[in-house]
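In: A predicted structure for the sequence below; I have some questions about it.
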Amino acid sequence: MANIWDLALLVLRTLPLMFSDITYVLILGVVFVFVYRQYQKVQLYERRLFGLERINPLIDTATAAIYGIIGGLFATALFVALGVSLSDSGIAYLWITALLLIFIHPRFLCFSYAGGLIGLLSLLFGFPQVNVPSLMALVAILHLAESLLIAIDGHHNASPIYFKRGDQVVGGYSLQKYWPVPFVALLGLVIVDRGIDLQVVSMPDWWPLFSSGKDLGEGQSIIYMLFPVIAALGYSDVATAELPQVKARRSGLHLSIFGTVLLGLAFLADRYPSLAVLPVLFSPLGHELVIYLGQERERRLPAVFQTDSGVMVLAVHPGSPAEKMGLGPGDIIVAVNGNAVESLPDLVQELSPWAVDPVLTVESKLKTPPRRTVTFRGKVPPLGIIPAPHPEQRFYMRFGESLLERLWNRLKSKRK
């Protein structure tokens, strides 16, 4: 137990090094600017499409940093407990490859695809020279940290949006989250045993679970240094068949299963090098399976944010009468002051030119009780809701175009 506390103290002393070294400060600044810019895009989208003013990029970035610290501590615990070293994992190749893959498709900006590609090249051609088990363990741990962040924070501030699903436009949510994740990893170094006095913490005989892959000469041994690292993790998804928090938790569960299986395969590859191809192939294919399961569920289940009668709430404006009434996603306004509401024009008519102290009858398939009455002391409109789209909605959003696809579409449009 004393060793665990000594190790924890070393980790806590290592983390502040990020803020005292100019290199780490610059990297941290770049990551924060990247995260800030992503939330700024979400803010601009909501403002232009719905007039929403609920996203503050600076506050959201600061909040994401707090969650990122939680994810970083979780990743640190796994790196140190399992003895996964960055020395031969090829983390630089991982970053470069992931950045290049984004030109094929945005969703390929993921370590699972980059790690699988690098591992396969290393096994087939011997370049780049990386420790494949350590590389795949690194990818697995980062995905486990990401799965935790998705489960606890992936649904916050989900953006309402209109999607084209089949021949209909339906309501749903765009889940866009980004986290700066500082963590501490291990760096294995070969030293010559000559009585060097170092501050070390003795670890159990079974540690590390992942070997370093370094060839040791006579009188040499390996020590592991704690090494601070900063990463940026992201989550992008859509929800049309369930509430954002339900979708995020399910996505986090699927991703945690993927990360656990990948980590297990990496451990087998460390013990039996002939099995190294298993985690290398599972990394991209397993991640594709996770994406497929999410998309297939969206296709299979009916869209819930649409209704044949009444006006369904997709989102509410902050500080609006609707928010004060407790209206939220999935609520269906079926009557105002006892008068039935069949459509959005009916709702507008019931509130025109204004209604004082209105009484709304609300139904919901997503909440209990399924039918309730809400009141507001004051005058409306504005009511402050974003309604789910009607079946003949003319505008909607498209996602997933890569840079090459966007350039090609622009070229085709200019030719017309």
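Out: Yep, it's here.

In: quick one: the helices in the stretch 251-400 of the chain?
Out: Residue ranges of the helices in the stretch 251-400 of the chain, as given by DSSP state H, counting those that start in this stretch, are 277-300, 321-325, 344-351.

In: any idea of the mean pLDDT in the shortest one?
Out: The reference is to helix 321-325. Mean pLDDT, computed over helix 321-325, is 90.

In: longest strand in this structure, by residue count?
Out: Ranked by residue count and defined by DSSP state E, the top strand of the chain is strand 168-192.

In: off-centre distance for that one?
Out: 7 Å (Cα atoms, centre = their mean, to the nearest Å).

In: show me what counts as buried in it.
Out: 169-186, 188 (16 or more other Cβ atoms under 10 Å). All C-beta spots, glycine's among them, are computed from the backbone N, C-alpha and C.

In: bridging residues for the spatially most central residue of the chain?
Out: By Cα atoms, centre = their mean, the chain has its centre lying nearest to residue 235, at 2.2 Å. Counting by DSSP bridges, residue 235 forms beta bridges with residue 177.

In: OK, contacts around it?
Out: 146, 149-150, 154, 175-178, 248, 251 (Cβ atoms under 8 Å, 6 or more residues apart in numbering).

In: distance of it from residue 252?
Out: Using Cβ to Cβ, to the nearest Å, residue 235 is found at 9 Å from residue 252.

In: mutual contacts of the two, please.
Out: With Cβ under 8 Å, 6+ apart, residue 235 and residue 252 have common neighbours 149-150, 154.

In: which one of those sits in the busiest neighbourhood?
Out: Top of the shared contacts of residue 235 and residue 252 by neighbour number is residue 150, holding 29 neighbours under the definition other Cβ atoms under 10 Å.

In: how much space between it and residue 245?
Out: With Cβ to Cβ as the criterion, residue 150 and residue 245 are 11 Å apart.

In: swap in residue 263?
Out: Taking Cβ to Cβ, one finds residue 263 at 27 Å from residue 245.

In: which of the two has more neighbours?
Out: Shown here are residue 263 and residue 245; by other Cβ under 10 Å, residue 263 has more neighbours (23 against 16).

In: need the contact list for residue 76.
Out: 11, 183-185.

In: try it again with 10 Å
Out: 8, 11, 14-15, 141, 145, 181-186, 226, 228-229 (Cβ atoms under 10 Å, 6 or more residues apart in numbering).

In: next one: residue 151
Out: So residue 151 contacts 245, 248-253, 255-256 (Cβ under 10 Å, 6+ apart).

In: list buried residues within the residues you listed.
Out: Buried among the contacts of residue 151 by 16+ other Cβ under 10 Å: 245, 248-252, 255-256.

In: follow-up on the earlier one: which pair in the contacts of residue 76 has the greatest spatial separation?
Out: Spanning the widest gap among these are 8 and 181, at 18.9 Å by Cβ to Cβ.

In: for the contacts of residue 235, work out which two are farthest apart.
Out: So, the contacts of residue 235 by Cβ to Cβ: farthest apart are 178 and 251, at 15.2 Å.

In: low-confidence stretches in this structure?
Out: 1-7, 10, 18, 189-203, 212-221, 390-416 (pLDDT under 70).

In: walk me through the domains of it.
Out: 2-193+211-300, 311-387 (automatic domain parsing).

In: format those domains as a markdown table; extra columns: distance to residue 204.
Out: Output for the domains of the chain, formatted as a markdown table (distance: least, Cβ to Cβ, whole Å):
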| stretch | distance to residue 204 |
| --- | --- |
| domain 2-193+211-300 | 8 |
| domain 311-387 | 49 |
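
In: of those domains, flag the one that's most buried.
Out: Ranked by mean neighbour count, the domains of the chain are led by domain 2-193+211-300 with a mean of 18 (mean count of other Cβ atoms under 10 Å).
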